[in-house]
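Undergrad: my questions are about this predicted structure, shown below with the sequence.
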Amino acid sequence: MSYARYARFLPGGPQRRVFFPDFYLKMVKPQREHPPNVVVFHCPVQMTKFDVKNYLEKIYNVPVERVNTSIPFNPIVRDHQNRRWMPRDEFKVAFVTLADGQTFEFPELFAPPASEDDDEVIDSLKEKEKKETQALASRGGLPSWFGI
Amino acid sequence: MAASISRRCVRHLSTFPLLNARPGYPPSLRNVEVILPRVPRITEGNEPQYPPVKPSMTSGSKAAKQARRALWIDNVRSSDTPVEMIYLLNKRQRWQEVIKPFSLQSGYGHFFRDVTKTAVVDELPENIQTLAESGQVKTEVEVLTERVIELLMVESFSIRRKKQHRIIEHKERSQSLAQNILNLLISHLGNRFPHLTDAVVDGRCQIKSFWERGERRMQFNGEPVCSVRAKEPLGLFAQTTDEVCNGDVEGWPYNPKEIGIFQNHINPVCFPGFKYQPGHLFPHTQIYGVNFDLDRAERHNIYQEIQDNFGLMAGYAWINALAMYQGYCWFQDIPRPMTAQVIYTDGNRFSFYCYQANTLDLSENGSPWNNVCFQKTSLPMFTDVKDGKVRDFNVEALKLLVAFLINSPERH
């Protein structure tokens, strides 16, 4: 991760630019319900709201109304020599509200897990239990560990 | 007795009798079918000997909380005066959403409609439309057109305004036009329409109002330019049997933070512009000016949404505040629908809203009716004031203004 920082721009001053900054946007599944025109991204902590907006509008042509950001808490840990370090990578969460009435829904990427109410799952479990009890029935319920 | 009950209750169905007869055998392996004893029904001659088990009022259990809430609701419903009722409702501080009649984040209209249970109709009601085209309004408008044009010229050229930030300039321009136009119309029409002279005209009084919808509590803070209150209620704009009043309002299940509406935790306030006194407790007409950054709203393409949703929030909140001064709230619903008229102007364009509140009880299993807002938005009164002339003066806007003020209880 590069830590290049641009000098503050004042009107009339020289325009300093950083070419190829370490900027990325990772789209993630939202953890709570958002209105249909809100998309959630992870981005580096050094990116600002204006950077996120320009990134989406200029590279991907996505109209952005506004961006709200937050940085989740990342704990600092001290090792056995009392040195501070962060075991996890830092990131910033950007909540992007789309303009022009556009909506987006994060797609289902994986098959949903088998629920306990599935009839197939219940039937297969019942058959399994039946087989196990049948084996025990001929021996009066005594497990085979006690047998010869 | 115990043995007979146990024989009636318990029936063994297991295939391993030797094992299952042992006491302490885990129930999961016992294959026992349990039948509960039959509880007799309560009928005449078979009533319980003892009073019902009531939950303790001081414990932290769910039943106790529900009992305390039920007692509070009973006290609210049986309070003697409206002031006492409002005190019982607002003596405890709670988290509430602080709402203004506008917001500068898009998509808030859906939330406003959900929170006031309002259906929006893009046309003004029939009785207002016929009144605006009637002969009475025409004769008044003929005389008033000249005077209103004169007023617009005075507003643009003669009044010396201090040079200020553009947001404050927009505010002052729209609010002074709203006030002066309403003063002119009321003083001119008061002669022939006595309900206007009998009414009370409040100046720049804040309107504060609070209500509950499900788990949410709302606190509305509005700053109208002028409010006209009457002794008697205005007539209805729609009957409660109409389709419009019996529809479903779509819910908005997200966090209001997403649309720039935040919470505070203080006592809610009910203040329809005056401290409680019996008398003029029915809404007639109210006019609002601009109270936000108009340029920002236009730049972000939100201004049309603001105009579409202004009247429904301002109308409901004003009616709610006045209804609370009459002793009604969401626990004690209004016996008949209440109506109000709201106007919004930005110095040039006028928006007209006719709000009908059929119910204050916005809970899920409350009233079968929903509230309705009839509106006509963004009607320009003129295009420009230049070279000592008002260009393209629109008589339709003036007709509707006059119709709103002429609309009186006797007409219905």
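TA: Cool, the structure landed. Because the structure is predicted, anything quoted here is derived from the model rather than measured. Numbers count the residues shown, from 1 in each chain, chains lettered A, B, ... in the order given.
Undergrad: what residues does chain A put near chain B?
TA: Residues of chain A lying close to chain B (C-beta under 8 Å from any C-beta of the partner chain) are A:32-35, A:37-38, A:65-66, A:97, A:99, A:137, A:140-141. Heads up, the C-betas are built off the backbone N, CA and C, glycines and all.
Undergrad: farthest-separated two in those?
TA: A:99 and A:140 (74.9 Å; C-beta to C-beta).
Undergrad: in the chain, where is pLDDT below threshold?
TA: Since you didn't name a chain, this refers to chain A. For chain A, residues meeting the criterion pLDDT under 70 lie at A:1-4, A:6, A:116.
Undergrad: my question was about chain B, not that one.
TA: Using pLDDT under 70, chain B drops low at B:1-40, B:411-412.
Undergrad: could you redo the last one with a cut-off of 90?
TA: B:1-57, B:157-160, B:300, B:364-366, B:384-389, B:409-412 (pLDDT under 90).
Undergrad: per the annotation, how does it divide into domains?
TA: As recorded under automatic domain parsing, the domains making up chain B are B:2-34, B:67-406.
Undergrad: find the one among those with the highest mean neighbour count.
TA: domain B:67-406 (a mean of 18; mean count of other C-beta atoms under 10 Å in any protein chain shown).
Undergrad: got the end-to-end distance for that one?
TA: Counting by C-alpha to C-alpha, to the nearest Å, you get 49 Å between the two ends of domain B:67-406.
Undergrad: close to chain A, is that domain?
TA: Yes - taking C-beta under 8 Å from any C-beta as the criterion, domain B:67-406 and chain A are in contact, through B:105-107, B:253-255, B:258-259, B:300-301.
Undergrad: quick one, helices of the chain?
TA: Unless you meant another one, I'm taking chain A. Counting by DSSP state H, chain A has helices at residues A:49-54, A:119-137.
Undergrad: ah, I was thinking of chain B
TA: With DSSP H as the criterion, chain B has helices at B:2-9, B:17-20, B:62-77, B:82-90, B:108-116, B:126-132, B:135-153, B:166-189, B:194-198, B:294-299, B:303-325, B:395-406.
Undergrad: pick out the residue nearest the middle of chain B.
TA: Centroid check for chain B by C-alpha atoms, centre = their mean gives residue B:316 as the closest residue, at 2.9 Å.
Undergrad: could I get the contacting residues of it?
TA: Counting by C-beta atoms under 8 Å, 6 or more residues apart in numbering or on different chains, residue B:316 touches B:116, B:118, B:355, B:357, B:371.
Undergrad: try it again at 10 Å.
TA: Residues in contact with residue B:316 (C-beta atoms under 10 Å, 6 or more residues apart in numbering or on different chains) are B:101, B:112, B:115-118, B:209, B:211, B:218, B:220, B:340, B:342, B:355-357, B:360, B:362, B:371, B:373.
Undergrad: now the strands: where do they sit in chain A?
TA: According to DSSP state E, chain A carries its strands in the segments A:26-27, A:38-43, A:64-70, A:77-78, A:84-85, A:92-98.
Undergrad: for the fourth one, packing partners?
TA: What that stands for is strand A:77-78. With contacts defined as 3 or more C-beta pairs under 10 Å, 6 or more residues apart in numbering or on different chains; DSSP states H and E, strand A:77-78 has these neighbours: strand A:84-85.
Undergrad: which one is residue B:276 nearest to, not counting chain neighbours?
TA: Nearest residue to residue B:276, sequence neighbours excluded (C-beta to C-beta, 6 or more residues apart in numbering or on different chains): residue B:83, at 5.3 Å.
Undergrad: so who does the one you found touch?
TA: Residue B:83 sits next to B:270, B:275-276, B:324-325, B:327 when contact means C-beta under 10 Å, 6+ apart.
Undergrad: then residue B:110?
TA: Residues counted as contacts of residue B:110 (C-beta under 10 Å, 6+ apart) are A:35, B:249-252, B:254, B:259, B:309.
Undergrad: the same query, at a cut-off of 7 Å, please.
TA: Residues near residue B:110 by C-beta atoms under 7 Å, 6 or more residues apart in numbering or on different chains: B:250, B:252.
Undergrad: next one: the one 4 residues further on
TA: Residue B:114 makes contact with B:249-252, according to C-beta under 7 Å, 6+ apart.
Undergrad: do the same with residue B:124
TA: Residue B:124 neighbours (C-beta under 7 Å, 6+ apart): B:352, B:354, B:374, B:376.
Undergrad: the last one touches residue B:354, doesn't it?
TA: Pointing back at residue B:376 there. No - contact between residue B:376 and residue B:354 fails when scored by C-beta atoms under 7 Å: they sit 9.0 Å apart.
Undergrad: for the nearest residue to residue A:27 once chain neighbours are set aside, give me its contacts.
TA: Take residue A:27 and drop its neighbours on the chain: the residue closest to it by C-beta to C-beta, 6+ apart is residue A:41, 5.5 Å away. By C-beta under 7 Å, 6+ apart, the residues touching residue A:41 are A:25-28, A:94, A:96.
Undergrad: appreciated, that's everything.
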